[in-house]
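Student: Predicted coordinates and the sequence they were generated for:
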Amino acid sequence: MEQAEQAEQAQSVEQRASEVVLEYQLRLEDMTEAVRLLFRRRGRAGFIHHPVFHAAVMVLGALVLTAGLAGGDGIGFAFGIALIAWPLLMLGVPGMTARQLLRANEHHGVMRVTVAEEGVRTVSAHMDARMSWANYGSYAETDHCFVLRSPDKIGACAMVIVKQGAHTPQDVDRLRALLNTKLPRV
């Protein structure tokens, strides 16, 4: 009987070593960071959300605005204002998108995410979902979270795994190592 218990405990310890369990509730800061990352890494369309592109559009707007003022051209003036305002408005898009996503998911409450050899399992008050690694094409990492992206070219769908949910810093390292074996990092 003792051998069976020891074998079961050894198997349980081995299983825990190959999986990482995180518990967290999504926060606006984490979602905003994840959305910003997704927007910037969206293939060819990602440049629209890149800060360098925003700065270039603002400089162009300033030039058009100056030319419109110097030439007395009302259309050039209005177009210059629009080119300056557009990047400023675009800076708020990740935050607005994150708020909408958070509002849509806040009813889940605290989520328990288990990342293991066979895939990712998410359990909350209202769901129990299991996704194999085939449902993810790549992953990216930010300071506060891991973002598992769908396999389509632009990675339009994603799962956000918040580092704050790890029990220890070693769990974050184990999670990173596990993700590196299963998905390409972008």
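Tutor: Yes, it's here. Keep in mind the model is a prediction, meaning the values are calculated, not measured. Numbering: from 1, shown residues only.

Student: Show the average pLDDT along the longest helix anywhere in the chain.
Tutor: Secondary structure of the chain read by DSSP state H shows that its longest helix is helix 51-71. When pLDDT is averaged over helix 51-71, the result is 88.

Student: So which bits of that helix are buried?
Tutor: H54, V57, M58, G61, V64, L65, G68 (16 or more other C-beta atoms under 10 Å). Placement of C-beta: from N, CA and C, glycine included.

Student: Could you point out which of those is nearest to D173?
Tutor: Nearest to D173 out of those is H54 (C-beta to C-beta; 34.5 Å).

Student: Go ahead and confirm that closest one touches L91.
Tutor: Yes. The pair H54 and L91 passes the contact test of C-beta atoms under 8 Å, sitting 6.9 Å apart.

Student: So T122 belongs to a strand, correct?
Tutor: Yes. Using DSSP: H, G, I helix; E, B strand; the rest coil, the assignment for T122 is a strand.

Student: Run through the bridge partners of it.
Tutor: T122 forms beta bridges with V113, A129, as assigned by DSSP bridges.

Student: so who does it touch?
Tutor: M111, R112, V113, T114, D128, A129, M131, M159 (C-beta atoms under 8 Å, 6 or more residues apart in numbering).

Student: switch to 10 Å and redo it
Tutor: 22, 108, 111-115, 128-131, 159, 161 (C-beta atoms under 10 Å, 6 or more residues apart in numbering).

Student: nearest residue to the residue most central in space within the chain other than its sequence neighbours?
Tutor: In the chain, the C-alpha nearest the mean C-alpha coordinate belongs to A34, at 2.7 Å (C-alpha atoms, centre = their mean). Of all residues not flanking A34 in the chain, V160 sits nearest, at 4.4 Å (C-beta to C-beta, 6 or more residues apart in numbering).

Student: And the pLDDT at that neighbour?
Tutor: pLDDT, read off for V160, is 92.

Student: going forward can the numbers begin at 27, since that is how I track them
Tutor: Done: numbering now begins at 27, and the last item shifts to V186.

Student: would you say it is within a helix?
Tutor: No. In this structure, V186 is strand, not part of a helix, as judged by three-state DSSP.

Student: these two touch, right, it and L174?
Tutor: Yes. Taking contacts as C-beta atoms under 10 Å, V186 lies within contact range of L174: 8.0 Å.

Student: Just the C-alpha atoms of the helix or strand hosting E59, please, in PDB.
Tutor: Assigned by DSSP states H and E, E59 belongs to helix 54-66. Extracted C-alpha coordinates of helix 54-66, given in PDB (Å, rounded to 0.1, in the frame of the first residue of the first chain):
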ATOM      1  CA  LEU A  54      -7.500  47.100 -17.100                       C
ATOM      2  CA  GLU A  55      -3.700  47.700 -17.100                       C
ATOM      3  CA  ASP A  56      -3.000  44.200 -18.100                       C
ATOM      4  CA  MET A  57      -5.600  44.200 -20.900                       C
ATOM      5  CA  THR A  58      -4.500  47.500 -22.200                       C
ATOM      6  CA  GLU A  59      -0.900  46.300 -22.400                       C
ATOM      7  CA  ALA A  60      -2.000  43.100 -24.200                       C
ATOM      8  CA  VAL A  61      -4.200  45.000 -26.700                       C
ATOM      9  CA  ARG A  62      -1.400  47.400 -27.400                       C
ATOM     10  CA  LEU A  63       0.900  44.500 -28.100                       C
ATOM     11  CA  LEU A  64      -1.600  42.800 -30.400                       C
ATOM     12  CA  PHE A  65      -2.200  45.900 -32.400                       C
ATOM     13  CA  ARG A  66       1.500  46.500 -33.000                       C
END
